[in-house]
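A.B. asks: Pasting the sequence and the predicted model now:
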Amino acid sequence: MLFVVAVTGASGSIYARRLLEELKRSGHETFLLVSDEAKNVIKQENEDLHKFEELATRTFSEHDLDSPASSGSVKTAGMIVVPCSMKTVSSIAHGLAGNAITRAADVTLKEHRQLILVPRETPLSTIQLRNLLLVAEAGAIVLPAMPAFYTKPKSIDDMVNFIVGRVLDLLNVPHNLFQRWGETV
């Protein structure tokens, strides 16, 4: 299956890298869309953009409006925006398809494919909450980057794995990233 993974300018690029690793490990293809601001955040968070690109099948910038992800005729299994900035949420909520990421999200919604947004922001303003409600009403799934603690995480990787595992669950991609509620070791 082919998934679109978009990385925007919110903190949490580690979630995107881990998702790309898992999708590649599972044998899935990915179109990676990276915003200009995401490139800055990736660098600030001591991640390597080249690693992201190596994990993806193909990579596009937010300026590549003619990327395959911008066309409804290109069959994808869904799109994940991780992390998803509030600017991106706002653009999607209001149908502002001004770059490759928001155009791909718009296409994903209009084609009734799964769109998962992983915002990493706190606290949230009333405007942000309304925009999140609008995208949910339009059919997107909002999966905030809120790790669980019943899994007894021992590291940042454990917390990242929980969020990425929840995304993979929604995509029906099997994984063993965390211990589920009620499971024993």
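C.D. replies: Sure, I can see it.

A.B. asks: Pull the number of nearby residues for residue 146.
C.D. replies: Residue 146 has 13 neighbours, counted by other C-beta atoms under 10 Å. For every residue, glycine as well, the C-beta is placed using N, CA and C.

A.B. asks: now do residue 1
C.D. replies: Neighbour number of residue 1 under other C-beta under 10 Å is 15.

A.B. asks: which residues in the chain form strands?
C.D. replies: 2-7, 29-34, 58-61, 78-84, 115-119, 141-142 (DSSP state E).

A.B. asks: Make CSV from those strands and add mean neighbour count and distance to residue 19 to it.
C.D. replies: Converted to CSV, the strands of the chain look like this (neighbours: other C-beta atoms under 10 Å; distance: least, C-beta to C-beta, whole Å):
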stretch, mean neighbour count, distance to residue 19
strand 2-7, 27, 6
strand 29-34, 23, 9
strand 58-61, 18, 14
strand 78-84, 27, 6
strand 115-119, 25, 9
strand 141-142, 16, 14
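
A.B. asks: got any ranges where this structure has weak pLDDT?
C.D. replies: Along the chain, segments meeting pLDDT under 70 span 184-185.

A.B. asks: Now that we have the strands of the chain, can you turn them into JSON lines and tack on distance to residue 51?
C.D. replies: Shown next, in JSON lines, are these (distance: least, C-beta to C-beta, whole Å):
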{"stretch": "strand 2-7", "distance to residue 51": "12"}
{"stretch": "strand 29-34", "distance to residue 51": "11"}
{"stretch": "strand 58-61", "distance to residue 51": "11"}
{"stretch": "strand 78-84", "distance to residue 51": "15"}
{"stretch": "strand 115-119", "distance to residue 51": "19"}
{"stretch": "strand 141-142", "distance to residue 51": "26"}
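
A.B. asks: For residue 14, find the nearest of these.
C.D. replies: strand 78-84 (9.0 Å; C-beta to C-beta).

A.B. asks: Can you list the strands that that closest one pairs with?
C.D. replies: strand 2-7 (parallel), strand 115-119 (parallel) (DSSP bridges).

A.B. asks: which stretch among the ones you listed comes nearest residue 64?
C.D. replies: strand 2-7 (11.7 Å).

A.B. asks: And the contacts of the closest one?
C.D. replies: Here strand 2-7 makes contact (C-beta atoms under 8 Å, 6 or more residues apart in numbering) with 13, 16, 19-20, 23, 28-35, 38, 42, 52, 56-57, 69, 74-84, 88, 101, 104-105, 108, 171.
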